[in-house]
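Trainee: task: produce atomic coordinates for the following.
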Amino acid sequence: MPVSLQREINGKQTFEVRLYTSNVESDAKSFNSFIRQHWGVENSLHWTLDVTFREDAQRKRNGHAASNFALVEKTALNLLKTEDSKNMSIKSKRLVAAWDNEFLLKILRKTR
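Mentor: The predicted model follows:
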């Protein structure tokens, strides 16, 4: 499905055509909105993982190490997001959990 995108950047008109393969039947404008929403979620998650866990700086190359660590980090991120007793950033909650075993256990017990 060809999707055309026209927008203005710094006073200059740009026009792009992107090609997608999908079984979704939709007009180009709606389909473009679906794509933008998907990438918005994806970019938000990636940014959070990079800021909280420095994911981009990690170099895991053996076997399935990268996939395994990504799964553990996403699980940890979800647990940290559900913890609402402390009003602080995810990164700060991660540090407090590393220093305070009671806080760590509180986060882990929420999974029940």
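Trainee: run a quick neighbour tally on Phe53.
Mentor: For Phe53, the neighbour count with other C-beta atoms under 10 Å is 20. All C-beta atoms are positioned from the backbone trio N, CA, C, and that covers glycine.
Trainee: now do stretch 97-112, average pLDDT.
Mentor: Stretch 97-112 carries an average pLDDT of 85.
Trainee: roughly how far apart are Lys86 and Ala76?
Mentor: From Lys86 over to Ala76 the distance is 16 Å, taken as C-beta to C-beta, to the nearest Å.
Trainee: higher neighbour count, those two?
Mentor: The neighbour comparison of Lys86 against Ala76 (other C-beta under 10 Å) goes to Ala76, with 18 against 13.
Trainee: ignoring the adjacent residues along the chain, who's closest to Val96?
Mentor: Phe103 (5.4 Å; C-beta to C-beta, 6 or more residues apart in numbering).
Trainee: who's in contact with the one helix or strand that neighbour maps to?
Mentor: Applying DSSP states H and E as the criterion places Phe103 in helix 101-109. With contacts defined as C-beta atoms under 8 Å, 6 or more residues apart in numbering, helix 101-109 is touched by Leu79, Leu80, Thr82, Glu83, Ser85, Lys86, Lys93, Val96, Ala97, Ala98.
Trainee: could I get the CA-only coordinates of that helix as CSV?
Mentor: C-alpha atoms of helix 101-109 as CSV (Å, rounded to 0.1, in the frame of the first residue of the first chain):
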residue,chain,number,x,y,z
ASN,A,101,16.0,-4.7,49.9
GLU,A,102,12.6,-3.9,51.5
PHE,A,103,11.7,-1.7,48.5
LEU,A,104,12.9,-4.3,46.1
LEU,A,105,10.7,-7.0,47.8
LYS,A,106,7.8,-4.6,47.7
ILE,A,107,8.1,-4.3,43.9
LEU,A,108,8.6,-8.0,43.4
ARG,A,109,5.6,-8.9,45.6
